[in-house]
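Participant: Structure of the sequence below:
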Amino acid sequence: MRHFPALTATLLLLACASAPPPPDWQSQSFAALKSYTSAYLSGNTRVAEVEFERAKAEVARTGRPDLMARIELLRCATEVASLVMKPCAGFAAVAQDAAPAEQAYASFIAGRWDTLQAAQLPTHYRALVTQSQAQAGQTAKPEQGASAPSQNKLHQIEDPLARLVAAGALIQRQPLSSIDLDLAVETASDQGWRRPLLAWLGVQLKRQQTVGEAHAAAKTQRRIDLALQKN
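Facilitator: Model prediction:
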């Protein structure tokens, strides 16, 4: 998988990086998380579950709940990228031992940005959060006459999975513009990630149907039907 999420590297591997070869648990958990992410995004739930449990077993060998919190965040972020919105129960179970950066990331993927300090997030998310907070402030003061731009800063996030995570977090706060929604669809499509593609196409189809774009809706439905085909 060419685009393994930066979250894994920064929150798990770099936290334990050293000059000698990595310990066995670290390399094994990395491989399992990579397999989990690939399987989940492709829609293979059974394999994804097996690989994530393997990763958890490797991390548990360290006796470090802070590391367990990080991989639980990876799972929840991957689900958010696929528009699976539910409480991050695995993280909540170990949240008291998570560092401030992980606490901030948990708030980010849940769409709780109002008091979020952008500086605590990975660099590629900061501009998006800052912009969203500014827009929320403008909405709260209509006398300023400001309006939200038609496009958020999703396009500035280069990593495909990180971009979809951001889109999934943002849509919990506000409806996405057509530009941003198209970007999320094409990001999933370009990577061949069936699960998030179907989720984002579903949102796109609903919007097209709502505004009466029959031709566009029919085209989107054909894309959904094709993506649902399995050999």
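Participant: sec struct for Glu158, please.
Facilitator: coil (DSSP: H, G, I helix; E, B strand; the rest coil).
Participant: That one and Ile179, how far apart?
Facilitator: 17 Å (C-beta to C-beta, to the nearest Å). Yep, even glycine has a C-beta here, placed from its N, CA and C like the rest.
Participant: Can you pick out the residue with more neighbours from these two?
Facilitator: Taking neighbours as other C-beta atoms under 10 Å, Glu158 and Ile179 compare with Ile179 leading, 13 against 10.
Participant: Hmm, Lys153 and that one touching each other?
Facilitator: No: Ile179 lies out of contact with Lys153 (C-beta atoms under 8 Å); the separation is 11.5 Å.
Participant: Give me the phi and psi for the residue most central in space within the chain.
Facilitator: Centroid-nearest residue in the chain, with C-alpha atoms, centre = their mean: Val165, separated by 2.1 Å. Main-chain torsions, Val165, degrees, to the nearest 10: phi -60, psi -50.
Participant: can you give me how far the top helix by length along the chain is from the chain middle?
Facilitator: Ranked by residue count, the top helix of the chain under DSSP state H comes out as helix 24-42. Remark: helix 24-42 is offset 16 Å from the chain centroid, using C-alpha atoms, centre = their mean, to the nearest Å.
Participant: all numbers from here: first residue = 301
Facilitator: Taking 301 as the first residue, the last one we looked at is helix 324-342.
Participant: Remind me what the helix or strand following it packs against, helices and strands.
Facilitator: The helix or strand immediately downstream of helix 324-342 is helix 345-360, counting by DSSP states H and E. Applying 3 or more C-beta pairs under 8 Å, 6 or more residues apart in numbering; DSSP states H and E, one finds that helix 345-360 contacts helix 324-342, helix 365-381.
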